[in-house]
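Participant: Following is a predicted model, sequence given first.
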Amino acid sequence: MIGDIRGKAQPASLYLPCVASIVLFAAGCSAVKPSLDAAPPVALPPVSDFTITAGMLDTWNAVGQVLVRTDGVTYEGRAQMLGLYDVRYRGERFLVLTRALALTSDHQMTTKVAVAFQDGRPDASDAAIALLGLLQARLPEELLLDASGRRGRKHVLK
C-alpha cells in the first residue's frame, strides 16, 4: 500500500498505469535522433505486377494466347472466373493472375496482371518476373489482334 497526502493508504495498482505512462512518454522523448545518412540502402523487390488498358476477360484470353506460344511454359491449370493461369516456367510453378481494376477517370477499363505463389503472395522469383516481362511486352499486340478479329478465326474468301 502506498500512502496519499491525507494519510490514507492507497493500493499500488492505482498508481502503476500512471507511472507506466510517464515512463513510456519519457522514453519517447529521447534526445538522440537517428541519422538518415546512416541508414543502409533498402533494395526494393522486383515489381510482380503491371496494369494494362483492357477489360479483364480480354486480358485473360490474351494472356492465355501468349502463354501457349511461349517456349518453356506449361499449363498446370486455369480458371477463367478467378482470372488465373497455373503455370510452370523455368522449373518453377506459380500463378499468373488477372484482376479488373476500377474505371479510370476517363472511363477506361484497366486490368492488373500479376504473378503469385500458389497461396496468393506476390512472387518475385527470376522465372516469374521474366514471364511477367514477356507478358507485359506481348500483351498490347495480342489484344490488338484479338480486337481486330484476326486471332482465332478463319476467314473464308467468297
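Facilitator: The structure has been received and is ready for your questions.
Participant: When you work out contacts or count neighbours from here on, use the C-alpha atoms and nothing else.
Facilitator: Noted.
Participant: how close does the residue lying closest to residue 92 once chain neighbours are set aside get to residue 146?
Facilitator: Leaving aside its chain neighbours, residue 92 sits nearest to residue 127 (6.8 Å; criterion: Cα to Cα, 6 or more residues apart in numbering). In this view, residue 127 and residue 146 are 27 Å apart by Cα to Cα, to the nearest Å.
Participant: Enumerate the positions of the longest helix along the chain that are buried.
Facilitator: Once the chain is assigned using DSSP state H, the helix that runs over the most residues is helix 126-148. Neighbour counts using 16 or more other Cα atoms under 10 Å place 127-129, 131-132, 135-136, 139, 142-143, 146 of helix 126-148 among the buried residues.
Participant: Now pLDDT and distance to residue 72 too, for these, in CSV please.
Facilitator: Converted to CSV, the buried residues of helix 126-148 look like this (pLDDT from 0 to 100; distance: Cα to Cα, whole Å):
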residue, pLDDT, distance to residue 72
127, 96, 11
128, 96, 12
129, 96, 14
131, 96, 10
132, 96, 14
135, 96, 14
136, 95, 17
139, 96, 18
142, 94, 19
143, 93, 22
146, 72, 23
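Participant: List just the nearest of those to residue 74.
Facilitator: Taking Cα to Cα as the measure, residue 74 lies nearest residue 131 of the buried residues of helix 126-148, at 11.9 Å.
Participant: residue contacts, that closest one?
Facilitator: Taking Cα atoms under 8 Å, 6 or more residues apart in numbering, we find residue 131 in contact with residue 89.
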